[in-house]
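> got a predicted structure plus its sequence, pasted below:
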Number of protein chains: 2
Amino acid sequence: MAGSRKRATLREVAEATGLSTAAVSYALRGLQVSKETEKRVRQAAAELGYEADPIARALASGRTSMVGLLSGSLEDLWQQQLFFSLGRELLHKDRYALILDAGGDPARELTLARQLRDQRVDGLIVSPLDPSAHAWAELAESLPVVSIGDSLSNARAAGAVLFDNRAGVTLALEHLSRLGHQRIAVLTTTRPSTPDRPADTYVLEEGARLALDLTVLAAPQSVAEAEAVAHKALAAPDRPTALFCFSDSIAYGGYAAARAVGLAIPGDVSIVGYDDHPVSRLLSPTLTTVDWDLESIIRAAVQLVITAIDGRPRRRRIVKPPNLRERDSTGRPRHA
Amino acid sequence: MAGSRKRATLREVAEATGLSTAAVSYALRGLQVSKETEKRVRQAAAELGYEADPIARALASGRTSMVGLLSGSLEDLWQQQLFFSLGRELLHKDRYALILDAGGDPARELTLARQLRDQRVDGLIVSPLDPSAHAWAELAESLPVVSIGDSLSNARAAGAVLFDNRAGVTLALEHLSRLGHQRIAVLTTTRPSTPDRPADTYVLEEGARLALDLTVLAAPQSVAEAEAVAHKALAAPDRPTALFCFSDSIAYGGYAAARAVGLAIPGDVSIVGYDDHPVSRLLSPTLTTVDWDLESIIRAAVQLVITAIDGRPRRRRIVKPPNLRERDSTGRPRHA
DNA sequence: GCGCTTCACTTAAGCGCTTCAGTGAAGCGC
DNA sequence: GCGCTTCACTGAAGCGCTTAAGTGAAGCGC
């Protein structure tokens, strides 16, 4: 603890113990040395306050212990939740997270992913806006890439934690249909979707199956922009009786828009979200939403990237089922 | 672009141009070489797809281009916003952020800060739970540390972006007092406060000055836990007519608690938050809150840490003034 | 007692950069 | 034309580790 100005080096520990630096290096990693040597080394290291320099270690070993995390849009509150939880989980596993945000721009997404690779992260976990971009292939060749939400269609990724969006969409639309809604506005986003099929496809298919009258509008991730889109949806001549929002953040924009034009939720307009952000159950009214088990997604993604980094190529695709959280933002449409 | 398996090295660029590696190193950093050599080198580098290896560079130069970010509690949604924004701003300045979360535990905070130092970050930006801890001094000796919220009382920090919490508390309490509130519950948190005085102090002083009847309750950062505390406050025999919450996250808990026991906001209970999270203006009713200019805080903190890293020791303390956002969650108490 | 393996190390190369201390040529004043 | 500085570079050390290859001693079967 003494006010050591510079940090101790391996060599100093070696000199203190009379061993070679190699022996010390092995000892501290619990390899190839006798029990008592290891003990001696550990003690000397502790006394000198030695901590291995991760930079030198990375240069020599080729491993940085860093994992790159790339979000398509951290404007989305649920993505914030997701990514900071991924960071926490990685720290548990003695890895550091480098978190980057594409800010909703699919082109920037790949630039940042390359930047992460150039920064020498050991692996990548991405929740991409555009999982079908061809450049993912190039990246997945040079380091383990795990995707969350959708699989990278053209790349040999190290793994994927997929959302069963078909099931999610079905839950939401069936719920609304059951309540008697028919004219529904869907506020989508460039959102990861299940293998090779944009979530929009499911929306249209399910809409047709349930004989719904759907209007699909693209909404950006930020709450403020979503509000504007929701406003437009609610101002339509044949006003929809329900809003199905493809993220809770967008749904929050829906709340604001509804209130701005004096529409009661769920009386005048029902709203369904997607994700179940912690705030959603605190809104007034509480938000009906489709959620995924965040913790299990996180554990799976981290697990996948680490096994891939450690050279056990599994290439697993894990599909997560959705749950409908029925709360107070949905009800029978007034005319029904 | 050719499917280059391994990344090109400085030496390869040197060989391609017939220069020494030193010359190439200088050229690519725009130092000490003739214009035309620089151009030749850049071209060769581009053709080879050369990107300097940040690890090797870090080992040789002693700089990692990484800045550690440490939040006392990322449960707080505003802190999430703050830290992800800091990350974005740092990326603008060609630095990478390593974000760590103490999860509300003051002891863990210092452990993580040391871990960040051991990871060889060039500097640290912290928003600490306990800015008065002595161990900050030791850290601030070994690398530039900038604090947000409060100054590190015992440490020679590289700078601080302070919140004028006295003014913030005054704004909130005067607002409530003006509306006619007198019995007010204050839900605080181990929150950074202005130099050497916990924010609670201001609360009590201002409460006395305005002749208010205050009950101070400690609330954790997470929304769910805050809800429980708010519940307790509202269940008190002499129910307060207003809640002053020391973060918007806590205020969200207040909303949930009020709704749970059937109290109207602001009719039965007024609620004031602190921070102005993007969601706050979307709640129903919209949340009256005290906010700080997030963008300017971010720019200032990043600016401070970078000038310190670059060796220009300024040790500036920048104080940010608060603003009151009067919205719909506050009104006259019913009996008044 | 001999060759063989195993154990517990040591030696030394090397990861890919930066940087300090030269070095030769050109330019300059006088 | 001489010494001086400046310019544009080169050479080589070294950042602090890891790791492949090597070594000597001990242990083992037979």
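Received the coordinates, thanks.

> now what about stretch A:300-318, what contacts it?
Residues outside stretch A:300-318 that contact it (Cβ atoms under 8 Å, 6 or more residues apart in numbering or on different chains): A:63, A:67, A:86, A:89-90, A:93, A:95, A:122-125, A:144, A:146, A:148, A:151, A:156-162, A:320. Every C-beta, even on glycine, is put in place using the N, C-alpha and C of the backbone.

> that stretch near DNA strand D anywhere?
No. Counting by Cβ under 7 Å from any atom of the strand, DNA strand D is not contacted by stretch A:300-318; separation bottoms out at 11.9 Å.

> can you tell me which of the contacts of stretch A:300-318 are buried?
A:67, A:86, A:89-90, A:95, A:122-125, A:144, A:146, A:148, A:151, A:157-162, A:320 (16 or more other Cβ atoms under 10 Å in any protein chain shown).

> for the lowest-mean-pLDDT helix or strand in chain A, list every residue counted as buried.
Lowest by mean pLDDT, DSSP states H and E among the helices and strands of chain A is helix A:199-209, with a mean of 84. Residues of helix A:199-209 classed as buried by neighbour count (16+ other Cβ under 10 Å): A:Ala199, A:Asp200, A:Tyr202, A:Val203, A:Leu204, A:Glu206, A:Gly207.

> what about A:Glu326, how many neighbours?
13 (other Cβ atoms under 10 Å in any protein chain shown).

> surely it and A:Leu287 touch.
No. Under the criterion of Cβ atoms under 8 Å, A:Glu326 is not in contact with A:Leu287, lying 10.3 Å apart.

> need the three-state assignment for the closest residue to A:Asp105 other than its chain neighbours.
Leaving aside its chain neighbours, A:Asp105 sits nearest to A:Leu129 (7.8 Å; criterion: Cβ to Cβ, 6 or more residues apart in numbering or on different chains). Of the three states, A:Leu129 takes coil according to DSSP: H, G, I helix; E, B strand; the rest coil.

> ok, now how distant is A:Leu129 from A:Arg108?
Computed as Cβ to Cβ, to the nearest Å, the A:Leu129 to A:Arg108 distance reads 9 Å.

> got any residues that touch both of these two?
Common neighbours of A:Leu129 and A:Arg108 (Cβ under 8 Å, 6+ apart) are A:Ala102.

> neighbour count winner among these two?
Set A:Leu129 next to A:Arg108 and count neighbours by other Cβ under 10 Å: A:Leu129 wins out with 24 against 17.

> burial count for the residue in the stretch 101-250 of chain A that DNA strand C sits nearest to?
Of all residues in the stretch 101-250 of chain A, A:Arg120 sits closest to DNA strand C, at 9.5 Å by Cβ to the nearest atom of the strand. The tally of other residues near A:Arg120 (other Cβ under 10 Å) stands at 22.

> contact partners for it?
A:Arg120 touches A:Ala58, A:Thr64, A:Met66, B:Asp53, B:Pro54, B:Ile55, counting by Cβ under 8 Å, 6+ apart.

> again, only using 10 Å
Going by Cβ atoms under 10 Å, 6 or more residues apart in numbering or on different chains, A:Arg120 touches A:58-59, A:62-64, A:66, A:68, A:98, A:143, B:7, B:51, B:53-56, B:58.

> and what of A:Leu139?
A:Leu110, A:Ala113, A:Arg114, A:Leu116, A:Arg117, A:Leu124, A:Val126, A:Ala133, A:Val145, A:Leu152, A:Ala155, A:Ala157.

> for A:Ser25, which non-adjacent residue is spatially closest?
Excluding the flanking residues, the one nearest A:Ser25 by Cβ to Cβ, 6+ apart is A:Leu10, at 6.2 Å.

> just give me the neighbour total for that neighbour.
Neighbourhood size, A:Leu10 [other Cβ under 10 Å]: 19.

> look up how far B:Asp293 lies from it.
From A:Leu10 to B:Asp293 the distance is 47 Å (Cβ to Cβ).

> per-residue pLDDT of A:Met1, please?
Per-residue pLDDT puts A:Met1 at 36.

> got it, and A:Arg5?
Looking at A:Arg5, its pLDDT is 60.

> not counting its neighbours along the chain, what's nearest A:Val33?
Using Cβ to Cβ, 6+ apart and skipping the chain neighbours, the partner closest in space to A:Val33 is A:Ala27 (4.6 Å).

> does the strand or helix carrying that neighbour reach DNA strand D?
Using DSSP states H and E, A:Ala27 sits in helix A:21-28. Yes. Using Cβ under 7 Å from any atom of the strand, helix A:21-28 reaches DNA strand D at A:Thr21, A:Ala22, A:Ser25, A:Tyr26, A:Leu28.

> and which of the residues you listed is nearest B:Ala102?
Each of those was checked against B:Ala102 using Cβ to Cβ; the closest is A:Leu28, at 27.1 Å.

> how far away is that closest one from DNA strand C?
Distance from A:Leu28 to DNA strand C, counting by Cβ to the nearest atom of the strand, to the nearest Å: 12 Å.

> next one: A:Pro285
Noted for A:Pro285: a distance of 57 Å to DNA strand C, by Cβ to the nearest atom of the strand.

> same check, this time on A:Phe84
If you measure A:Phe84 against DNA strand C using Cβ to the nearest atom of the strand, the figure is 32 Å.

> equivalent analysis for A:Phe83, please.
29 Å.

> how many other residues sit next to that residue?
Using other Cβ under 10 Å, A:Phe83 has 27 neighbouring residues.

> confirm it sits in a helix?
Yes. The assignment for A:Phe83 by three-state DSSP puts it in a helix.

> in the stretch 51-200 of chain A, which spans are helices?
Secondary structure of the stretch 51-200 of chain A, counting by DSSP state H, counting those that start in this stretch: helices at A:54-61, A:77-92, A:106-118, A:135-142, A:165-179, A:199-209.

> distance to A:Val186 for these - can I get that in CSV?
Shown next, in CSV, are these (distance: least, Cβ to Cβ, whole Å):
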stretch, distance to A:Val186
helix A:54-61, 46
helix A:77-92, 18
helix A:106-118, 20
helix A:135-142, 27
helix A:165-179, 9
helix A:199-209, 5
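
> weakest of these by average pLDDT?
helix A:199-209 (a mean of 84).

> would you mark the buried spots in the helix or strand following that helix?
Using DSSP H and E, the helix or strand that follows helix A:199-209 in sequence is strand A:213-218. By 16+ other Cβ under 10 Å, the buried positions in strand A:213-218 come out as A:Leu214, A:Leu217.

> please enumerate the strands of chain A.
A:66-71, A:96-101, A:123-127, A:145-149, A:159-163, A:183-188, A:213-218, A:242-245, A:270-275, A:288-291, A:316-320, A:323-325 (DSSP state E).

> which one, of those, ends up nearest to B:Asp276?
Nearest of the strands of chain A to B:Asp276, taken as Cβ to Cβ: strand A:96-101 at 20.8 Å.

> any part of that closest one near chain B?
Yes. Applying Cβ under 10 Å from any Cβ of the partner chain, one finds strand A:96-101 in contact with chain B at A:Tyr96, A:Ala97, A:Leu98, A:Ile99, A:Leu100, A:Asp101.

> cool, stretch A:46-60 as well?
Yes. With Cβ under 10 Å from any Cβ as the measure, stretch A:46-60 is seen reaching chain B through A:Glu51, A:Ala52, A:Asp53, A:Pro54, A:Ile55, A:Ala56, A:Arg57, A:Ala58, A:Leu59, A:Ala60.

> appreciated, that's everything.
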